[in-house]
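Peer 1: just to be clear, the model below is a prediction. Sequence and coordinates:
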Amino acid sequence: MSINFTLIGQKSIKPDTLFTTDHFTFHNNKWMNLHHFFYEQASHGQKKHLKDDGVNFINTNDSLAVEQLDNNAKEIFLSSVSFYKKNVINQPLLIKSGRILKWLQQQPYNKIADTTYSSSFTNVLNTLEPIYSKYFWERHKTQNQLLLDRFKNTISANEKYVIKKLENLSGNQWSKVVRVDITAYGNWASAYSPASDNIVVSSMDSLMHSTLFVEFVFHESSHLLFDRSSLFRKSLFQISKETNIKYPRNLWHAAMFYLSGLATKEALGNSNIEHDLIMDKKKVFESYYKNEDFRNILKTYYNSKIDIKECSTKLLELKIS
């Protein structure tokens, strides 16, 4: 394990920590895994999305484990899924989802006393914990560990190069150590950023067991750089006002996706590791990615052949919706 917190000087390592680098801490947290597991049981959003995209969802025999629960455990399991459907998926708890994840990350290993998000939510989690621990957690924990073990050295070896490149492209500075939670189940996209200093990546998405995992770590964490204060986003906004060209809502995000993909591809290529971009493999922002001018403008900017103002102007003139 590499322990090197040069950015913010953290003093202690959390019990769920798997690996640390200069820029990231990787975690395998039971409450985070439990929460995402039951979120998926209630929504079926991730499996449906992967199926629609023709991507395999790794089978860990969870469905079989549910079938084999005794009557009491199955009753608790099903009532908890109902609770998630009513109170988490489309109800007020979902609005606070980012804060809920931060809260879950701070809880003791086996039992939660804190009732910040209602006593009923805490009671559901505590009632589920022994069932989840006995029938599901060991498989999920192992799957998460296997994913990280495969790519942790690649991330550690390339983070400095990629992040420096993205700092230059965004016009912003990396300011925090980013927490990466690896969970068996995830949201519909299998990776997301509930906060600028926290990302969640699912190990059940078969595409994650490739260098896409490396790019997702760099891409999701680059939200820390391409925030509203970044020169890149400020430039797009300012040029939009000056030229009276409508600023497409997803333009900055699509550009960030492509730039972080290019940086990852270049870094891995320096080690003779082949890599296909997330935008290609996951069909993200297809209207942008399939536009050759969009890609060429950003490649030119990436290679420092045009400045941020010219890049912003050219991107806005494409008028991609």
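Peer 2: Structure's in. What do you need?

Peer 1: which residues sit in contact with the closest residue to Tyr302 other than its chain neighbours?
Peer 2: Excluding its sequence neighbours, the residue lying closest to Tyr302 (C-beta to C-beta, 6 or more residues apart in numbering) is Leu262, at 5.2 Å. All C-beta atoms are positioned from the backbone trio N, CA, C, and that covers glycine. Taking C-beta atoms under 8 Å, 6 or more residues apart in numbering as the criterion, Leu262 is in contact with Leu277, Leu298, Lys299, Tyr302.

Peer 1: state the distance from the residue in the chain sticking out farthest from the centre to Leu78.
Peer 2: The C-alpha centroid of the chain is most remote from Asn71, which lies 35.8 Å away (C-alpha atoms, centre = their mean). Asn71 sits 11 Å away from Leu78, going by C-beta to C-beta, to the nearest Å.

Peer 1: from the contact counts, what lies against whichever strand or helix holds Asn123?
Peer 2: Using DSSP states H and E, Asn123 maps to helix 119-132. Judged by 3 or more C-beta pairs under 8 Å, 6 or more residues apart in numbering; DSSP states H and E, helix 119-132 is in contact with helix 30-43, helix 71-84.

Peer 1: compare the ones you listed and give me the one nearest Ser190.
Peer 2: Closest to Ser190 of those is helix 30-43 (C-beta to C-beta; 10.5 Å).

Peer 1: and the helices and strands packed on helix 119-132, which is most packed in?
Peer 2: helix 30-43 (a mean of 22; mean count of other C-beta atoms under 10 Å).

Peer 1: chain center to that helix: distance?
Peer 2: Relative to its chain's centre, helix 30-43 lies at 15 Å (C-alpha atoms, centre = their mean, to the nearest Å).

Peer 1: before we move on, what about stretch 154-169?
Peer 2: Distance, stretch centre to chain centre, for stretch 154-169: 17 Å (C-alpha atoms, centre = their mean).

Peer 1: likewise for stretch 45-54?
Peer 2: Put simply, stretch 45-54 sits 17 Å off its chain's centre (C-alpha atoms, centre = their mean).

Peer 1: strands of this structure, residue ranges please.
Peer 2: Using DSSP state E, the strands of the chain run over 17-20, 24-27, 178-183, 191-195, 198-202.

Peer 1: got CSV for these, with distance to Tyr39, mean pLDDT and mean neighbour count too?
Peer 2: Conversion of the strands of the chain to CSV gives the following (distance: least, C-beta to C-beta, whole Å; pLDDT from 0 to 100; neighbours: other C-beta atoms under 10 Å):
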stretch, distance to Tyr39, mean pLDDT, mean neighbour count
strand 17-20, 22, 97, 19
strand 24-27, 18, 98, 22
strand 178-183, 10, 98, 25
strand 191-195, 12, 91, 18
strand 198-202, 11, 96, 25
